[in-house]
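>>> sequence and predicted structure are below.
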Amino acid sequence: MDIRGAIEELAEEAEGQIRDHTWVLTPADRSVAAKAASDLDAIVGTLDSQEALSEVERLAHLREALAAVAIALAHVHGRLAWFLGAAATALTPVLHWRALPAEHGPTFGAVPPTLEQYTEAEDAVRRLHSTLANIATTGHIRLPRDP
C-alpha cells in the first residue's frame, strides 16, 4: 500500500473508533493532536508551495513531518499513541529516500523517489494534519467525502 492509502485507512479507522465511542478523546489527546497538527501544517505547505521547492528541501520537509509525528507520539499513551505510531510507520518510506546523486559508492539502500512519490507523501501529511486538527477541535474526523 502507498503512503497516502495507509494514512487514509488510519483516518477512517480513527473516525470509526471516535464515532463508535471506542476511542474517547481526552483533553490531553486533543492538546497533543493540536500541537502535531500545527507542526505538520508548518512543515508541509500547499501542493504549489512544495512543488516549488528543490527535491532536497521537499525530502527534508517530509523527514521533519515524520519527526513531528514521532515527537507527538512520545507524549501520549493509548489510542492516540497507537494512531500516531501507525502514522509514523506509514511515513517511514521517506527514510529510505535520497535526493542527492549517489556519486560513487553505496547509498545504504537509499533510493531516489519519483516526483509522484513526493506528492503522494506530501498529500498524506496534509491528510494526517487534517485528521489531527479535527481530533483537536471537534473530536470528529471529516473524511474528504463527507458533506
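In hand now; what should we look at?
>>> from now on I want contacts and neighbour counts done on CA atoms only, so please keep to that.
Noted.
>>> check contacts around residue 59.
Applying Cα atoms under 8 Å, 6 or more residues apart in numbering, we find residue 59 in contact with 94, 97, 98, 99, 118.
>>> that one: which element?
If you go by DSSP states H and E, residue 59 is part of helix 55-73.
>>> reformat the contacts of residue 59 as a markdown table; add neighbour count and pLDDT.
As requested, those are exported to a markdown table (neighbours: other Cα atoms under 10 Å; pLDDT from 0 to 100):
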| residue | neighbour count | pLDDT |
| --- | --- | --- |
| 94 | 21 | 97 |
| 97 | 19 | 97 |
| 98 | 18 | 96 |
| 99 | 17 | 95 |
| 118 | 19 | 96 |
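>>> any figure for the gap between residue 95 and residue 51?
20 Å (Cα to Cα, to the nearest Å).
>>> just residue 102 next, same as before
Where residue 51 is concerned, residue 102 sits at a distance of 23 Å (Cα to Cα).
>>> between the two, who's got more neighbours?
Higher neighbour count among residue 102 and residue 51: residue 51, with 16 against 12, using other Cα atoms under 10 Å.
>>> count of neighbours near the spatially closest residue to residue 64 that is not a sequence neighbour?
Spatially, and ignoring its direct neighbours in sequence, residue 64 is nearest to residue 43 (6.9 Å; Cα to Cα, 6 or more residues apart in numbering). Residues near residue 43, counting by other Cα under 10 Å, number 21.
>>> residue 43 contacts residue 63, doesn't it?
No. Here residue 43 does not reach residue 63: they are 9.5 Å apart, not a contact under Cα atoms under 8 Å.
>>> low-confidence ranges, this protein, go.
The chain contains residues with pLDDT under 70 at 139-147.
>>> OK, contacts around the residue positioned nearest the centre of the chain?
Nearest residue to the geometric centre of the chain (Cα atoms, centre = their mean): residue 125, 3.6 Å. Residue 125 sits next to 40, 44, 62, 65 when contact means Cα under 8 Å, 6+ apart.
>>> just those now: which is nearest residue 3?
residue 62 (11.8 Å; Cα to Cα).
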